[in-house]
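Trainee: here are the coordinates; sequence isn't available:
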């Protein structure tokens, strides 16, 4: 049969026919028929919603003259919720429900059956539904521009963007609320309260957790933190001694668990009036005595109490400086030895404390002064030569004066005390000095006058003396 076919081919294509040419032409004919059997590719379709492009992945598909789109892309963009299960698609928007089945043209809209032009189908992992039917069932208008291949959907109300299009800017998150602030509640005594109990416990609770290690508590500006029980939830303080009558102020500061600082205060008062002690504590045997003027700059400062006191409550101050830690304190008195010389001038001693067992407070003071000691008189004594003694042109002057004093000697004819000698020396540690004098020659001279001047190097004070001598020829 093949040979017959070939023979027929020869006749059809002429005498120049060759078997190889015949087979090539048959192949070209088959390819052409195959190409002609495929329909032309449908142009790409664009979908818009209220004028904004709807970006769908995968894109729309045209089948039987109808545009189909991915299931969730269109339902969610039109504001409908969708549930897909076992081939059934159920969508809801407000009071409208739409129900479809894969591969079926039977559908329902809000319970009413209807027939659609093309059934939903699945391609790969994507379920496609007819765009016009879905949009119109959910109350949207649908238009189609065949020349531009654009499907326009118009809906009212909020449009939910789907896909990588240009979604609206997300709403700005609200400003964070204020950080929790630590305040106080359940204060004891209550703010503004008047209590009769002088040993009342002072406490409060925190409205938010605090860092216990940062909490500081003051009572009347005295830091009582070390004697206060503190936790993350509050604090409590039991006074070791009776509170004074009158107003008291509590201050609490620290950091909350979030690091924010807090500083809170409240006040209360202790009712009653202080009663004057029947036997007040005073000082006696005060040293130095009140008003005394002392030359000793290392004077011991001391006093005795007229009755026993609580030694732990005693505070000793000198010119406002607390010297308690360097003082010897007992129930009967105190004593303080200055470690350095006191300044010249007035000094005030103040002693405070309480009687035993939280007894009555006392606050006593007195003053004294430290004066400069009197300066010794400055003098100079000439021991050699004696007044009016005969001397030669060279002689020695020896004497005594203040220790380390500077000695200056001049000599000359009376009354100038100068012109023939000018010299100086320093006295020793005991004030003794000695200087050799050598006079220049003056014809006919019979006497010489000597002046000795001494200066104290510590105070710059000075003194002088003169001496008349006979001159041997």
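Mentor: Yes, it's here. Given the structure is predicted, the values throughout are model-derived calculations rather than measurements. Numbers count the residues shown, from 1 in each chain.
Trainee: for the rest of this, base every contact and every neighbour count on C-alpha atoms.
Mentor: OK.
Trainee: ok, now which ones touch residue 287?
Mentor: By C-alpha atoms under 8 Å, 6 or more residues apart in numbering, residue 287 lies in contact with 300-303.
Trainee: where in this structure is pLDDT low?
Mentor: Filtered on pLDDT under 70, the chain yields the residue ranges 1-43, 157-179, 273-278, 415-416, 473.
Trainee: can you give me the helices in it?
Mentor: Here the chain has its helices, by DSSP state H, at 2-13, 19-37, 71-77, 131-137.
Trainee: just the buried ones from the contacts of residue 287, in PyMOL syntax?
Mentor: Here is the PyMOL command that selects the buried residues among those (16 or more other C-alpha atoms under 10 Å):
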select buried, resi 301+302+303
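Trainee: take the contacts of residue 287 and keep only those in strands.
Mentor: Under the assignment DSSP state E, those contribute 301-303 to strands.
Trainee: and which of the residues you listed is nearest to residue 410?
Mentor: residue 301 (52.3 Å; C-alpha to C-alpha).
Trainee: write down the beta-bridge partners of the closest one, one by one.
Mentor: For residue 301, the beta-bridge partners are residue 336 (DSSP bridges).
Trainee: so it sits right up against residue 339, yeah?
Mentor: No. In this structure, residue 301 is not within contact of residue 339 by C-alpha atoms under 8 Å, at 11.8 Å.
Trainee: domains in the protein, by residue range?
Mentor: What automatic domain parsing lists as the domains of the chain is 2-37, 46-154, 184-270, 283-370, 381-471.
Trainee: ok, the nearest residue to residue 101 once chain neighbours are set aside - how many residues close by?
Mentor: Leaving aside its chain neighbours, residue 101 sits nearest to residue 88 (4.6 Å; criterion: C-alpha to C-alpha, 6 or more residues apart in numbering). For residue 88, the neighbour count with other C-alpha atoms under 10 Å is 14.
Trainee: ditto for residue 186
Mentor: Residue 186 has 13 neighbours, counted by other C-alpha under 10 Å.
Trainee: identify the residues contacting it.
Mentor: Residues counted as contacts of residue 186 (C-alpha under 8 Å, 6+ apart) are 203-205.
Trainee: now it: how far from residue 180?
Mentor: Going from residue 186 to residue 180 by C-alpha to C-alpha, to the nearest Å gives 18 Å.
Trainee: and if you look at residue 211?
Mentor: Residue 211 is 14 Å from residue 180, where distance means C-alpha to C-alpha.
Trainee: what about those two, which has more around it?
Mentor: Using other C-alpha under 10 Å, the more surrounded residue of residue 211 and residue 180 is residue 211, with 17 against 13.
Trainee: close enough to count as contact, the more buried one and residue 255?
Mentor: Yes. Between residue 211 and residue 255 there is a contact at 5.8 Å, judged by C-alpha under 8 Å.
Trainee: who's in contact with residue 283?
Mentor: So residue 283 contacts 303-306, 364 (C-alpha under 8 Å, 6+ apart).
Trainee: the same query, at a cut-off of 6 Å, please.
Mentor: 304-306 (C-alpha atoms under 6 Å, 6 or more residues apart in numbering).
Trainee: residue 358 - nearest residue in space that isn't next to it in sequence?
Mentor: That would be residue 241: by C-alpha to C-alpha, 6+ apart, it lies 5.2 Å from residue 358.
Trainee: the one you found - how many residues pack around it?
Mentor: So residue 241, with other C-alpha under 10 Å, has 12 neighbours.
Trainee: cool, and the one 3 residues further on?
Mentor: The criterion is other C-alpha under 10 Å. On that basis, residue 244 has 17 neighbouring residues.
Trainee: try residue 345
Mentor: Per other C-alpha under 10 Å, the neighbour tally for residue 345 reads 12.
Trainee: and it, how far from residue 292?
Mentor: On the measure of C-alpha to C-alpha, residue 345 and residue 292 end up 11 Å apart.
Trainee: where do the strands sit along the stretch 301-450 of the chain?
Mentor: 301-305, 315-318, 321-322, 328-329, 333-336, 345-354, 361-370, 381-384, 390-391, 394-400, 406-412, 419-426, 432-438, 447-455 (DSSP state E, counting those that start in this stretch).
Trainee: ok so, going back, specify which member of the contacts of residue 186 is nearest to residue 72.
Mentor: residue 205 (56.3 Å).
Trainee: what's the closest one in contact with, if anything?
Mentor: Neighbouring residues of residue 205 by C-alpha under 6 Å, 6+ apart: 184-186, 233-234.
Trainee: which strand residues bridge it?
Mentor: Beta bridges link residue 205 to residue 185, residue 234 when assigned by DSSP bridges.
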